[in-house]
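A.B. asks: A structural model of the following input is requested.
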Amino acid sequence: MLFALFLLFVHPVPAYEVDNFTGRAGLVRDSLPVLDHEIGRILERAAREANLESPGHCSVAVLRQEILRWIRPDPTGILELWLEFTDSIERTPVGVRTSVYRNISFFDSPIMKVFGIGRSFKLGGQVIGTDKIGHFFMQGLDFYDRVRDGASIETVLATEHGEDGLWGLGTSGVKSWADIAADYQGYRFWSRLVDGPHPYFRCSERGEWVRESAFTWVDYVNPGWDEALNCSEMKPGIRSGVEEELLKLGVTCPVDPMACEGLTRLEYADHLVSPVCRPKR
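C.D. replies: The predicted structure follows:
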């Protein structure tokens, strides 16, 4: 409890969790074109600034720094805040008092009671929370750095995510498997930034970053990012309250039981998919 209260003051984060159940049917407009354009704009500006800062030398460190300039600070940065407030995308008008978390106590989740929850929107046909964008870029980068330092991605997925502690059960009281699914896709993004057969940037003969591939969220977003499909684990007090609210909505988690079949076919499903969907062994 003391640790969680400490985090309230040292981390300026407006929301740790999202409700992908309430209001999902009202989401009509897909935000894919808007978000593709926004990330494309960030990447173009990052390359331009990196070329100015290190002329004649393609510095990966500077390129990364310029991309992160529009995403940091971790865990909630400029891009995620923009998602919460922009009129350019359609979001669910859900706050903690009108969500499936409405009955949680301060003891169960002081973070959520003070900062509330993030909102949901549709991206690439999937209903996801605004928090997933931060997870994609920031925790995905952490995954990438750990692999670059010698760990296998399997080890990172099994042991190095924070959903059992700082980013989940230890603070908000919720372990989001959808967060981990977004983290992994972020790792894939950073792995492709300047490497692989289709990198986003290549180094020209003049030592300048040149755009090689266009970014689209379609390459990364999947049903695993949806917490109403890829069900979260929760502290007992939170879980009982959420289950009560789901009964009122007339749904269960997953809201579409058939989704489990697709989720279990995802790459590294054992590390990214809720035990609710994974067959017992």
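A.B. asks: got a pLDDT number for the residue lying closest to residue 244 once chain neighbours are set aside?
C.D. replies: In space, residue 244 comes closest to residue 103 once its chain neighbours are excluded; the distance is 6.6 Å by CB to CB, 6 or more residues apart in numbering. All C-beta spots, glycine's among them, are computed from the backbone N, C-alpha and C. You'll see residue 103 listed with a pLDDT of 83.
A.B. asks: now swap in residue 47 and tell me
C.D. replies: So residue 47 comes in at 97 (pLDDT).
A.B. asks: okay, now it: neighbour count?
C.D. replies: As a burial measure, residue 47 scores 21 neighbours (other CB atoms under 10 Å).
A.B. asks: may I have the phi/psi pair for the closest residue to it other than its chain neighbours?
C.D. replies: Using CB to CB, 6+ apart and skipping the chain neighbours, the partner closest in space to residue 47 is residue 209 (4.3 Å). Main-chain dihedrals, residue 209, degrees, to the nearest 10: phi -70, psi 130.
A.B. asks: now do the buried residues in whichever helix or strand residue 237 is part of.
C.D. replies: Assigning secondary structure by DSSP states H and E places residue 237 in helix 236-249. Neighbour-count burial for helix 236-249, counted by 16 or more other CB atoms under 10 Å, picks out 238-239, 241-242, 245-246.
A.B. asks: okay, the residue nearest to residue 47 and residue 59: tell me how far apart.
C.D. replies: Per CB to CB, to the nearest Å, residue 209 is found 9 Å from residue 59.
A.B. asks: for the two, indicate the residue with more neighbours.
C.D. replies: residue 209 (25 against 16).
A.B. asks: after the longest helix that the chain contains, next one along is what?
C.D. replies: What stands out as the longest helix in the chain, according to DSSP state H, is helix 32-53. The C-terminal neighbour of helix 32-53 among helices and strands, as given by DSSP H and E, is helix 60-68.
A.B. asks: who touches the very next helix or strand once past that following helix?
C.D. replies: Later in the chain than helix 60-68, the nearest helix or strand by DSSP H and E is helix 78-85. Helix 78-85 is contacted from outside by 14-15, 38, 42, 70-72, 89, 91, 118-119, 121, 130-131, 133-134, 137, using CB atoms under 8 Å, 6 or more residues apart in numbering.
A.B. asks: please indicate which of the residues you listed are buried?
C.D. replies: Neighbour counting over those (16+ other CB under 10 Å) leaves 15, 38, 42, 70-72, 89, 91, 118-119, 121, 130-131, 133-134, 137 as the buried ones.
A.B. asks: of those, closest to residue 177?
C.D. replies: Residue 177 has its nearest neighbour among the buried ones among the contacts of helix 78-85 in residue 131, at 13.4 Å by CB to CB.
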